[in-house]
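Chemist: Give me coordinates for this.
(2 chains)
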Amino acid sequence: MSKVVNFSIDGKNCMAERGQYILDAARANNIYIPTLCNLPGVKPRGSCRICNVKVNGKLMTSCTTPVAEGMQVENNTEELLDLRKAIVELLFVEGNHYCPFCEKSGNCELQALAYRFNIMVPRYPYQFPDRDIEASSKNLIKDHNRCILCKRCIRAIKDEEGRNIFAFKRRGHKVVINVDSKISGSLNDELAQKAMDICPVGALIKKEQGFIIPIGKRTYDKHPIGYEFDVTSTETL
Amino acid sequence: MGQKITIEPVTRVEGHGKVTIHLDDENNVVQTRLHIVEFRGFERFIQGRPYWEAPVLVQRLCGICPVSHHLAAAKALDVIVGVGPDDLPPTAEKMRRLMHYGQFFQSHALHFFHLASPDLLFGIEADPGRRNVIAVAEEFRDLAVQGVMMRKFGQEIIQATAGKKIHGTGAIPGGINKSLTIEEKMKFLIGKDPMNIDQMIVWASSAVELFKDYHRKNRDLIDHFAAFPSSHLSLVRKDGALDIYHGVLRAVDKDGKKILHDVDYQDYLDYIAEEVKTWSYMKFPYLRAIGKENGWYRVGPLARLNTCDFIPSPLAQKAFEEFRSYTGGKPNNMSMHTHWARLIETLHAAEMMKELLEDPDILSGELVKKGNKTIEGVGLVEAPRGTLFHHFRINEDDLIEMANLIVSTTNNNEPMNRAVELVAKEWMNGKEKITEGMLNAVETAIRAYDPCLSCATHALGKMPLQIELYDVNDQLIDHMQT
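Modeler: Here you go, the predicted model:
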């Protein structure tokens, strides 16, 4: 069986390695599909649903769906763009996201997507949930107001024995990110920094170093998110 | 019975204020009050946030001089992270100072050219439709252009030091997050005409001359309008020089006698208390040693030039000597002379910006330091409108537990009330009907203090000034809104 499969995204012929997920294959073909939970090198979970595409008329998360020979993928359609925008708007109203004093501002993927989708005012009512900040850890603050439950920290931050340091606590709409108290001691400064870096929002904040990157040098100060992939697709969004 | 008169455009004051005037049977003014009726609550909702967010969060109190809040909070947090004012890296202190002088320059230019100049150029009782910056631009084009360009220059200095013209992130606990690039420095030093520092110094000098010329022609108005004796308080450098970024607290009485002797502002609570009154959201600060009744004081440009011994830049010092000699070396208690003092400070800010831009430390060096952390710190700066206090205490988890902000306009609460009363008596005694000229006279008195009423209550919104007139039975008989 050939290792290469042929498929199309919005009618454009693409090639990918067999077994590659649509999201990775699209990026390999210089096509941008937005995402908030996907992290290169970490097993995808499809939790944020921003990367939804249509395969044979059916909605699929592109980060967890492998490409197949002859597959026809819809990506930049009006319906999908609005669906993604709606999900970003839902994330904004569901939490308490105050960009003006968030130190992740300018490096925040949620904020960057809001700019990319040109969101001025969300279509849904703000929920203003009553949420806590947990700051008892010596090097990391968990601000639940900003958490979008993407599970990046759960999947990517492990102790020396490969155990997850972060986990979900509680269930349903009360679910929050939690640090496993039995192994919380292994959350050293390096891992705390990594947790902050991979968090797509400002929910995980390393202590005592706020606003160290000046305005103008932050990730999205110069170019919008996804800029590096395809200028044409950026313009259509 | 009440009659509502609307004046457009809206008054040139930041925030929402209301003046009430009570009359006796002979229609003489018995009580006048400036009420600040906004409420904002920054001191409460910053509680529970990580301490390093404070300089970025609290500055959102204001869009005119957010740099003051940014720097006052950063200075309080310097203390908390164990970096005292003398330990701050030179690059950090000089970048912060440059940011602050840039802000003084733009804010003072905004106040004088955009907000106050229409009263001076057209007269207090001029047609309200013409009494605005647009009319200034039409009739005094060169002056209006100067005002706009001076403000732009100051804003660009802020952008270069804080990252944004409004609500930047430059100052962080223990230092600054950037130094100046050589391109930025050269742009300000030798930028294309007129956007360079030498032109700014020329324009700032000419603004001082403009005021002096106006003063010569309108001596009675400028010397007597809302003039009253008061104490004055400000930061001064340890050697007595004017310093808007750091120093010790000094207060003098109406005759120039020191009543607060160059004290460390970390202990401000030992010297200053705040009184709450039922009719205003704005508190009334006073010097503890003198008491509630007579312990009030003025802050701002007039107060600063009354408390300091000299100005450490040559052109401003020369102007300061002339200012001081006008009152024979005694404190100047003439409210409208605040404009004169403000323009001398504008010139000083321009001179200081040049000095800092030519300093090699501004281009490179250590940016941030850390020391032994404590749980409490006070930061003080002189904001354009006067002395600004920020006081924070944190808990063991690095979250803010207590915040106390005393802003410039709050410090000026009693003096503004006195000024309003004086003007109301002078313009209204014995009259039943409020005239538009009277309304603007009251506003002019308030405007001399360049108040930021939103900041003062940490409240939201830009709203008009309102005047209510009550008879002896407390019945509302007239009402005006701008």
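
Chemist: so where is chain A shaky, pLDDT-wise?
Modeler: A:1, A:230-237 (pLDDT under 70).

Chemist: Any idea which residue is closest to the centre of it?
Modeler: Nearest residue to the geometric centre of chain A (Cα atoms, centre = their mean): A:Leu36, 1.4 Å.

Chemist: Using the three-state scheme, assign the residue nearest to B:Met402 when sequence neighbours are not counted.
Modeler: Spatial nearest neighbour of B:Met402, excluding adjacent residues (Cβ to Cβ, 6 or more residues apart in numbering or on different chains): B:Arg393 at 4.2 Å. Glycine gets a C-beta too; all of them are placed from N, C-alpha and C. Three-state assignment for B:Arg393 (DSSP: H, G, I helix; E, B strand; the rest coil): strand.

Chemist: At the contact with chain A, which residues of chain B appear?
Modeler: B:48-50, B:52-53, B:55-57, B:60, B:81, B:162-164, B:167-170, B:172-173, B:177-178, B:368, B:370, B:397-399 (Cβ under 8 Å from any Cβ of the partner chain).

Chemist: what's residue 21 in contact with, if anything?
Modeler: Looking at chain A here, since you left the chain open. A:Pro44, A:Ser62, A:Cys63, A:Thr64, A:Thr65, A:Pro66, A:Val67 (Cβ atoms under 8 Å, 6 or more residues apart in numbering or on different chains).

Chemist: try again with chain B
Modeler: B:Val29, B:Gln31, B:Thr32, B:Ala424, B:Met428, B:Ile467, B:Glu468, B:Leu469, B:Tyr470.

Chemist: And for the fifth one, the neighbour number?
Modeler: It refers to B:Met428. As a burial measure, B:Met428 scores 22 neighbours (other Cβ atoms under 10 Å in any protein chain shown).

Chemist: ok, now the third one?
Modeler: Taking other Cβ under 10 Å as the neighbour definition, B:Thr32 ends up with a count of 21.

Chemist: which phi and psi does it have?
Modeler: phi -130, psi 140 (degrees, to the nearest 10).

Chemist: In terms of helices and strands, where is the residue nearest to A:Asn29 when sequence neighbours are not counted?
Modeler: Among residues not flanking A:Asn29 along the chain, A:Cys14 sits closest, at 4.2 Å (Cβ to Cβ, 6+ apart). Element membership for A:Cys14, per DSSP states H and E: strand A:12-17.

Chemist: For A:Asn178, see how far away the spatially closest residue to A:Asp132 that is not a sequence neighbour is.
Modeler: Once flanking residues are discounted, A:Asp132 sits nearest to A:His144: 5.6 Å by Cβ to Cβ, 6+ apart. To A:Asn178, A:His144 is 10 Å away according to Cβ to Cβ, to the nearest Å.

Chemist: Outside of stretch B:417-431 itself, which residues are in contact with it?
Modeler: The contact list for stretch B:417-431 (Cβ under 8 Å, 6+ apart) reads B:19, B:21, B:23, B:26-29, B:31-34, B:225-228, B:230, B:335, B:434, B:437-438, B:441-442, B:444-446, B:448-449.

Chemist: Show me which residues of it are buried.
Modeler: Under the neighbour-count criterion of 16 or more other Cβ atoms under 10 Å in any protein chain shown, stretch B:417-431 has B:Asn417, B:Arg418, B:Ala419, B:Val420, B:Glu421, B:Leu422, B:Val423, B:Ala424, B:Trp427, B:Met428 buried.

Chemist: Now pLDDT and secondary structure too, for the residues you listed, in a markdown table please.
Modeler: Formatted as a markdown table, the buried residues of stretch B:417-431 follow (pLDDT from 0 to 100; DSSP: H, G, I helix; E, B strand; the rest coil):
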| residue | pLDDT | secondary structure |
| --- | --- | --- |
| B:Asn417 | 86 | helix |
| B:Arg418 | 88 | helix |
| B:Ala419 | 87 | helix |
| B:Val420 | 83 | helix |
| B:Glu421 | 86 | helix |
| B:Leu422 | 88 | helix |
| B:Val423 | 86 | helix |
| B:Ala424 | 82 | helix |
| B:Trp427 | 83 | helix |
| B:Met428 | 78 | helix |
